[in-house]
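[1] Dropping the sequence and predicted coords here.
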Amino acid sequence: QVQLVESGGGLVQTGGSLRLSCHATGSMFNIAAMGWYRQAPGKQRELVAIINSRGTANYADPVKGRFTISRDNATNTVDLQMNSLKFDDTGVYYCNALIQFAPFRTGRYYWGQGTTVTVSS
């Protein structure tokens, strides 16, 4: 059974940094993409950053230049380095992975349980 285990959330002041980590466990053939989403209070969940198996990353406009997503294929881990944090970055951050269980088969999305990031002004 696949699980995504997140860590690294917490409370930080504006301008500070946090690093989130997500580790995928279980039996799988390939992780096509891994990413981070966030959900602020009263708002919909939104994409923060995503990275494919070749290391190509894409970022949401609000975090470009401040956040960096990285991935270790050997350990099935994706990290999100968050610098210059703003109050609007506050929310629950969710890890997401598109996982394939066999070659040439459609993948399935999995979600982590979420980790809370609070940026105080």
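    Received it, and whenever you're ready, just let me know what you need.
[2] Need phi/psi at residue 87.
    With angles defined as degrees, to the nearest 10, residue 87 sits at phi -60, psi -40.
[3] just checking, it touches residue 118?
    No: counting by C-beta atoms under 8 Å, residue 87 does not reach residue 118; the two are 9.4 Å apart. C-betas here are computed from N, CA, C, even on glycine.
[4] higher neighbour count, the two?
    Neighbour comparison, residue 87 and residue 118: the larger count goes to residue 118, with 16 against 11 (by other C-beta atoms under 10 Å).
[5] show me where the protein has strands.
    3-7, 10-13, 18-25, 30-39, 46-52, 57-59, 67-72, 77-82, 91-100, 108-111, 115-120 (DSSP state E).
[6] Give me the buried positions along the last one.
    Neighbour-count burial for strand 115-120 flags 115, 117, 118, 119 (criterion: 16 or more other C-beta atoms under 10 Å).
[7] where's the second one relative to residue 107, distance?
    Distance from residue 117 to residue 107, counting by C-beta to C-beta, to the nearest Å: 27 Å.
[8] mind listing what the residue positioned nearest the centre of the chain touches?
    The centroid of the chain falls nearest to residue 36 when counting by C-alpha atoms, centre = their mean (2.4 Å). Counting by C-beta atoms under 8 Å, 6 or more residues apart in numbering, residue 36 touches 20, 22, 47-50, 69, 78, 80, 93-96.
[9] tell me the contacts of the residue lying closest to it once chain neighbours are set aside?
    Counting by C-beta to C-beta, 6 or more residues apart in numbering, residue 36 lies nearest to residue 48, which is 4.4 Å off, once chain neighbours are set aside. Neighbour list for residue 48: 35, 36, 37, 38, 59, 60, 63, 67, 80, 93 [criterion: C-beta under 8 Å, 6+ apart].
[10] before we move on, what about residue 37?
    45, 46, 47, 48, 93, 94, 96.
[11] nearest to residue 11, of these?
    Nearest to residue 11, judged by C-beta to C-beta, of the contacts of residue 37 is residue 93 at 13.5 Å.
[12] Check whether that closest one really touches residue 19, as I assumed.
    No: with contact defined as C-beta under 8 Å, residue 93 and residue 19 do not form a contacting pair (11.3 Å).
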